[in-house]
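**Student:** Just need the structure, nothing else, for what follows:
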Amino acid sequence: MKGKKVIILICGSLVGINVQSNIISENLSKLGYENFIIDFHKIYENNLFLTESELGLRMCVYGREISPKVIYVVNNIRTDTIINIPNEVIYPNAYRVSLNQLFLDIRFGFEDSKWFPGNYERIKSGDSKPFLFSLARKCGLHVPEVTIDSPFKPNIVGICKKPLGFPFKLSLSKNSGKEVGITGIVEFDENKMAYDGYVWQWQSLVTARSQIRCFFVDGKVWSVVWKREKEEPYDFRYINQIKNGGVLWEEYHLPEEIIRKLSILMKKLGLNIAAPEFLTDQSGEHILIDLNPCGDWYGFFPKNINKEIINAITKTLTNAL
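**Tutor:** Presented below is the predicted three-dimensional model:
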């Protein structure tokens, strides 16, 4: 191992193995860089704790006391969705709240470490659609015409109703008194957009002829496109999860002008890794619909591009040591 310069990979997998974290970890290890994966959905498997004394603040992982030089948030950490609760825990939400505090203690305690894609506040700002789109407009990128956070349906024709925040949530059902998983569905039928007490995100409808998924690392961009058989508003998640249809991604070259403006946006946000998404409308205009600072790349790109992405992320992390 190359000295004591340790890289921490933080992730949160709802079920199973976090493939992307494992791939990056294996690549780092092959190159001789010590690293540890901290999965907040399986935190009890990491033997993780923090300790502060006259010796300073340290993190203990798998019995090793370390002060990480680099911390990479592979997935957007959402402790409120944790479903892997230890058997002895009888108050699940209290468990999630305590894990959230643990994450904040890591965030504040190791602020001097180099964080990727950026510090956590920057990551969250990249997930805030109204803020993101406002900044993207200033960078010359096209975004949906209108985005509104409101519990009430705006008096605008041609909008869709989207979940505010990550679609999957855990909550307590008032009817059953039990925890349930809630998945928000995008609604396009304006006749069904009634007031229900929730705060929603209302957005101008984009009838797209294709959807583009990208991965951005330090100015380098890889892209794939899903060319639709017909123009429609639904995204690949709806086709995959609701209609059980297949989505075929093909390699795509994002226009250099879009890459230039995207790079400006990333710099203004203080981020260097993301998985942006675009829709192309009837006129062929690229419309930014999501930035996904901790978005997925595995499963979208072919093997040759996966390898390039893995090497690019590895290089970015190790160069920061």
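
**Student:** Only C-alpha atoms from now on, for both contacts and neighbour counts.
**Tutor:** OK.

**Student:** what about residue 294, which SS state?
**Tutor:** The three-state label for residue 294, taken from DSSP: H, G, I helix; E, B strand; the rest coil, comes out as coil.

**Student:** Now for the closest residue to it other than its chain neighbours: which residues touch it?
**Tutor:** Leaving aside its sequence neighbours, residue 294 sits nearest to residue 75 (CA to CA, 6 or more residues apart in numbering; 4.9 Å). Contact analysis of residue 75 by CA atoms under 8 Å, 6 or more residues apart in numbering lists 10-12, 294-296.

**Student:** Which residue in these has the weakest pLDDT?
**Tutor:** Between the contacts of residue 75, the one the model trusts least by pLDDT is residue 12, at 87.

**Student:** Look at that one and say how many residues are nearby.
**Tutor:** For residue 12, the neighbour count with other CA atoms under 10 Å is 23.

**Student:** Could you pull up the residues touching it?
**Tutor:** Residue 12 sits in contact with 18, 39-41, 75-78, where contact means CA under 8 Å, 6+ apart.

**Student:** quick check, nearest of those residues to residue 214?
**Tutor:** residue 75 (16.0 Å; CA to CA).

**Student:** Please identify the buried residues of stretch 102-111?
**Tutor:** Buried residues in stretch 102-111, counted by 16 or more other CA atoms under 10 Å: 102-103, 106-107, 109-110.

**Student:** okay, those residues in JSON lines with pLDDT, secondary structure and distance to residue 318 next?
**Tutor:** Converted to JSON lines, the buried residues of stretch 102-111 look like this (pLDDT from 0 to 100; DSSP: H, G, I helix; E, B strand; the rest coil; distance: CA to CA, whole Å):
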{"residue": "102", "pLDDT": "95", "secondary structure": "helix", "distance to residue 318": "26"}
{"residue": "103", "pLDDT": "95", "secondary structure": "helix", "distance to residue 318": "23"}
{"residue": "106", "pLDDT": "95", "secondary structure": "helix", "distance to residue 318": "20"}
{"residue": "107", "pLDDT": "95", "secondary structure": "helix", "distance to residue 318": "20"}
{"residue": "109", "pLDDT": "95", "secondary structure": "helix", "distance to residue 318": "21"}
{"residue": "110", "pLDDT": "95", "secondary structure": "coil", "distance to residue 318": "18"}
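
**Student:** With respect to residue 34, which of these is nearest?
**Tutor:** Among those, and counting by CA to CA, the member closest to residue 34 is residue 110, at 17.6 Å.

**Student:** rewinding a little: the contacts of residue 12 in strands, which ones?
**Tutor:** residue 39 (DSSP state E).

**Student:** pLDDT and distance to residue 311 for the contacts of residue 12 - can I get that in JSON lines?
**Tutor:** Output for those, formatted as JSON lines (pLDDT from 0 to 100; distance: CA to CA, whole Å):
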{"residue": "18", "pLDDT": "89", "distance to residue 311": "18"}
{"residue": "39", "pLDDT": "92", "distance to residue 311": "22"}
{"residue": "40", "pLDDT": "91", "distance to residue 311": "25"}
{"residue": "41", "pLDDT": "89", "distance to residue 311": "26"}
{"residue": "75", "pLDDT": "89", "distance to residue 311": "18"}
{"residue": "76", "pLDDT": "83", "distance to residue 311": "21"}
{"residue": "77", "pLDDT": "84", "distance to residue 311": "23"}
{"residue": "78", "pLDDT": "86", "distance to residue 311": "27"}
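
**Student:** Which two among the contacts of residue 12 are spaced furthest apart?
**Tutor:** Every pair of the contacts of residue 12 checked by CA to CA; the farthest is 18 and 78, at 14.4 Å.

**Student:** Neighbour count for these two, which is higher?
**Tutor:** residue 78 (19 against 16).

**Student:** Many thanks, we can stop here.
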